[in-house]
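> build the 3D model from these lines:
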Amino acid sequence: MLSKIFKGTMLAAALVLATSAVAKDKIRVGISPEAYPPFTSFNAKNVWEGFEIDLLAALCKQMDADCPIVSIAWDGLIPALTGKKIDIIFNSMSITEERMKVIDFSDKYYNSPAELIGGKDAPKVTTTANPDGKGGMIANPADLKGKTIGVQTATIHADYAQKYFKDSTVKVYDTADNHNADLVAGRIDYALLDSVAADDFAKANAAKGIEAKLIVPGDPIFGVGAGAGLRKGDAKLKDKLNAAIKAVRASGEYDMVAKKYFNFNIYGE
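All right, here's what the predicted structure looks like:
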């Protein structure tokens, strides 16, 4: 009897150890459900797809982690992270000094400038030297005087427009989809957003008169690229994620993923 009990206990212990050996770390990933092609969107089968989705899969495989995606509205991502409802944000969030007061970031995993797009009747915009002396260029505010510019809330683009386009009407939207819809409808003159997403939208709506007006080169407001948002003090996950980013770039897997979506170097310098 004792022998059977002992054997049963040993078998149970062995099963626990075997399960533990194959158990993966669980990393809850926050992504806004709004379409943001070619980075994130749902396909016709309601399945996530895009550059960030494919890159996330590669990183999680490298970390041997299970990474369920949690859909959260863009302006709720940081509160969800700090409130421990998710473990990382992987959603084209730029690494900026302002955000780093609240959260931490991984190393960058891509970088692209901002772009101003508008209807065919909206004038082209010239450039001028950045007045704060920190390098880069800005759109000449005089060209946008009296114009209405759409931006998404809680973004670097909203911060930029509100700082520099004081003689314009800056209209803030909950999603980029909504300001893009208003741009097509002629309710605003321009939209300011990430250049890759802007080009994608402009090409898809060229027949409706939407076109690129100006690439807005570097400004401190735009930060140093997109990184994964992490809670302050989560050094273990940060180190693990940075190691994974480095590994997929070194192996060539990053380039394989990027070439599916871009014909240029999305990572940047």
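> contacting residues around Asp159?
Glu98, Ile221 (Cβ atoms under 8 Å, 6 or more residues apart in numbering). Yep, even glycine has a C-beta here, placed from its N, CA and C like the rest.
> how far away is it from Leu192?
10 Å (Cβ to Cβ, to the nearest Å).
> now do Pro68
Pro68 is 32 Å from Leu192, by Cβ to Cβ.
> of the two, who's got more company?
Neighbour count, other Cβ atoms under 10 Å: between Pro68 and Leu192, Leu192 has more, with 28 against 11.
> could you give the number of residues near Ser251?
By other Cβ under 10 Å, neighbour count at Ser251 equals 12.
> repeat that for the one 5 residues further on.
Close neighbours of Met256, defined as other Cβ under 10 Å, add up to 12.
> do the same with Pro33
16.
> do Trp48 as well
When neighbours are counted by other Cβ under 10 Å, Trp48 comes out with 17.
> quick check: phi and psi at it.
Backbone dihedrals for Trp48, given as degrees, to the nearest 10, come out at phi -60, psi 140.
> got the contact list for it?
Neighbours of Trp48 in contact, by Cβ under 8 Å, 6+ apart: Ile31, Thr40, Ser41, Phe42, Ile69.
> quickly list what it is bridged to.
Phe42 (DSSP bridges).
> what about stretch 226-240, start to end distance?
Taking Cα to Cα, to the nearest Å, the first and last residues of stretch 226-240 lie 17 Å apart.
> what about the residue nearest to the spatial centre of the chain, which helix or strand?
By Cα atoms, centre = their mean, the chain has its centre lying nearest to Ser92, at 0.8 Å. Using DSSP states H and E, Ser92 is not contained in any helix or strand.
> surely it and Pro38 touch.
No: in this structure Ser92 lies outside contact range of Pro38 using Cβ atoms under 8 Å: 10.6 Å.
> follow-up on the earlier one: if I look at the residue nearest to the centre of the chain, how far off is Ala202?
18 Å.
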